[in-house]
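Asker: Sequence plus predicted model, see below.
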Amino acid sequence: MPTRTATARACSNIALIKYWGNRDEALRLPANPSISFNLRDLHTTTVVVFDPALAADELIIDGLVAASSARTRVGAFLDLIRATAPTGDGSVFARVTSDNNFPMGAGIASSASAFAALGVAATAALGLTNTEAQLSALARRGSGSASRSLPAGFVAWKDECAWSIAAPDHWDLVDVIGVVSTGEKKTGSTEGHALAGTSPLQVARVADAPRRFERCMSAIRTRDFDQLAAVIEQDALMMHGVMMTSDPPLMYWLPASLAIMHEVQSMRARGVPVAFTIDAGPNIHCICDAPVADIVATTIAELAGVARVLRSPVGGGAMLLTTWSAGILPAL
Ligand code: PMV
């Protein structure tokens, strides 16, 4: 096999209805349905080179050789793809170079954009043709939320793969992220999903999920901000209720996280269309209508404990940028 290369890019996404807990850990099939939108300005670009000269998979993230745990996870993901490759291609190792355009150490999870971009690049490099649904199902095996970074815009996910429920320009929302400074080591989401079932609240959260899912779908369909605000805040607080009551408990919030949540609710009481959601970390995502994004960002930035503010509008789906095989000229 000649050296084969492809480059792909995928956006991160922010869940409005959270995925927390798996009904099948190995296959990463979710315990409950979720909804997200892609973050146009927070993305990962990944180059995959399948090279017969390599003795093992190599992984470079943001210019640094990755920790062995990350290499093992990426190697296992590449094995899934190699298993479907034509005979001969299935044993070739890859050099994976992954670059995030968002700052390292900002506590913004990159696994969604990373596995979406990696799946698109690695399959294209091996010449495998897949539908968006197949690529979404593949990305899911690397990180559940990565399944939602394949389709464009507003995205829903229930089972094997995610699908687009509305185009990026359907609703001009912005995610203004209050990055709360922290040096603490946090429990990663793979470990967190496995703990969800230890909370007595998880059963109730999962049982009520179809109601929240439908409410959020309808809020997006009708661009009803008040309905969206009510359901996404309740959903995020239910997930953190499960996290805080797991064994061992997962306490992600810092004092500044709570300060932002209070500020968001008081801004909304004053008529500003903004609502919060929170992933597995202390940062607060302030979802707002685009015209108020500047005022939301300025207000949040002034709070004590907020290290920086990032922001992004709704983005498109994962895409292949280039593909190339040694000895064959790239298509222009
Ligand atoms: O895809 P994972 O395993 O990193 O899990 C993501 C979990 C949350 O970000 C907390 C919620 C979500 O739906 O994205």
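Answerer: Thanks, I have it.

Asker: Would you check that Arg28 makes contact with Arg141?
Answerer: Yes: applying CB atoms under 8 Å as the test, Arg28 and Arg141 come out as touching, 6.0 Å apart. Where C-beta positions appear, they are placed from N, C-alpha and C, glycine not excepted.

Asker: Compare those two (neighbour count), which wins?
Answerer: Remark: of Arg28 and Arg141, Arg28 carries more neighbours, 21 against 18, as counted by other CB atoms under 10 Å.

Asker: what sits against that one?
Answerer: Shown in contact with Arg28 (CB atoms under 8 Å, 6 or more residues apart in numbering): Asn22, Arg140, Arg141, Ser143, Gly144.

Asker: and Ser312, what element?
Answerer: Assigning secondary structure by DSSP states H and E places Ser312 in strand 306-313.

Asker: name the element Arg141 belongs to?
Answerer: helix 132-142.

Asker: Show me what counts as buried in that helix.
Answerer: Residues of helix 132-142 classed as buried: Glu132, Gln134, Leu135, Ser136, Ala137, Leu138, Ala139, Arg140, Arg141, Gly142 (neighbour count, 16 or more other CB atoms under 10 Å).

Asker: That one close to the ligand?
Answerer: No: Helix 132-142 lies out of reach of the ligand by CB under 6 Å from any ligand atom, never closer than 8.4 Å.

Asker: Check what pLDDT Gly178 gets.
Answerer: Note on Gly178: pLDDT of 97.

Asker: Also Val203?
Answerer: Looking at Val203, its pLDDT stands at 98.

Asker: Against the ligand, how distant is it?
Answerer: To the ligand, Val203 is 18 Å away according to CB to the nearest ligand atom, to the nearest Å.

Asker: The strand or helix carrying that residue: how far from the chain's middle?
Answerer: In the assignment (DSSP H and E), Val203 maps to helix 202-222. For helix 202-222, the separation from the chain centroid amounts to 19 Å (computed by CA atoms, centre = their mean, to the nearest Å).

Asker: Likewise for stretch 198-205?
Answerer: For stretch 198-205 - counting by CA atoms, centre = their mean - the centre lies 23 Å from the chain centre.

Asker: And the contacts of that stretch?
Answerer: Applying CB under 8 Å, 6+ apart, the contact partners of stretch 198-205 are 20-21, 31-32, 196, 238-239, 241-243, 245-247.

Asker: Please convert the buried members of these into ChimeraX selection syntax.
Answerer: Buried members of the contacts of stretch 198-205, defined by 16+ other CB under 10 Å, are picked up in ChimeraX with:
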select :20,21,31,32,196,238,239,242,243,246
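
Asker: thinking again about what came up before, ok, and for the helix holding Val203, which residues are buried?
Answerer: Neighbour-count burial for helix 202-222 flags Gln202, Arg205, Val206, Ala209, Arg212, Phe213, Arg215, Cys216, Met217, Ala219, Ile220 (criterion: 16+ other CB under 10 Å).

Asker: Name the next helix or strand downstream of it, please.
Answerer: Counting by DSSP H and E, the next helix or strand C-terminal to helix 202-222 is helix 225-244.

Asker: That following helix and the ligand, any residue contact?
Answerer: No: Helix 225-244 does not reach the ligand (CB under 6 Å from any ligand atom); its nearest approach is 6.6 Å.

Asker: Run through the neighbouring helices and strands of that helix.
Answerer: Using 3 or more CB pairs under 8 Å, 6 or more residues apart in numbering; DSSP states H and E, the elements in contact with helix 225-244 are strand 4-17, helix 202-222, strand 274-277, strand 284-289.

Asker: List phi and psi for the residue nearest to Phe225 when sequence neighbours are not counted.
Answerer: Once flanking residues are discounted, Phe225 sits nearest to Pro273: 4.4 Å by CB to CB, 6 or more residues apart in numbering. Per-residue torsions, Pro273: phi -70, psi 90 (degrees, to the nearest 10).

Asker: distance of the most centrally placed residue in the chain from Thr46?
Answerer: With distances taken as CA atoms, centre = their mean, the residue of the chain nearest its centroid is Ala112 (3.3 Å). For Ala112, the distance to Thr46 equals 13 Å [CB to CB, to the nearest Å].

Asker: Cheers, nothing more for now.
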